[in-house]
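>>> Need coordinates for the below:
(one chain, ligands or ions: 1)
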Amino acid sequence: MAYDSTNIFAKILRGEMPCHKVHEDDTALVMMDIFPQSKGHTLVIPKAASRNLLDADPQTLSAVMPLVQRLAIALKAVTGADGIRLAQFNEAPAGQTVFHLHFHLIPVYEGVPLGA
Ligand code: 5GP
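Predicted coordinates for the structure are as follows:
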């Protein structure tokens, strides 16, 4: 399916909608998830326009993955989480609800179920 630039993350990237921004560089914007599955749930949103992993430019992926790794390490240290889940969904049947490529970094705390 084609990319639709009216999605909420595209609006946030254009500055048309607010967000709790954690980091921004030429490659990506990083923000807190509005409905966190755990304390510290963070979203990494590449700036390049792609619907999801299936139509993403490989250059975008190679630029953003080192950032995802750095954020995962920092997030684990800052939150004191016991682990970090990296999640990414492609198309509605797979759980995607916002159709601009993004990566979830979800801190996991032993004994605390996600969504609690
Ligand atoms: P997915 O498309 O991978 O299922 O998840 C989209 C994620 O974006 C969800 O975790 C949802 O809570 C989050 N989300 C949806 N709308 C907004 C928004 O306006 N601001 C922020 N910060 N997160 C959002």
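>>> Point out the residues in the chain that sit beside the ligand.
Taking C-beta under 6 Å from any ligand atom as the contact definition, the chain meets the ligand at 8, 19, 31, 33-35, 89, 95-98. Using the backbone N, CA and C atoms, a C-beta is placed for each residue, glycine as well.
>>> Are any of these buried, and if so which?
Among the residues of the chain next to the ligand, the ones that count as buried by 16 or more other C-beta atoms under 10 Å are 19, 31, 33, 89, 96, 98.
>>> which one is the second one nearest to, not counting chain neighbours?
Pointing back at Met31 there. Leaving aside its chain neighbours, Met31 sits nearest to Cys19 (4.2 Å; criterion: C-beta to C-beta, 6 or more residues apart in numbering).
>>> tell me the contacts of the one you found?
12, 29, 31-32 (C-beta atoms under 8 Å, 6 or more residues apart in numbering).
>>> Which residues does Ala28 form beta bridges with?
Beta-bridge partners for Ala28, by DSSP bridges, are Pro46.
>>> so how far is Tyr3 from it?
When distance is defined by C-beta to C-beta, to the nearest Å, Ala28 is 16 Å away from Tyr3.
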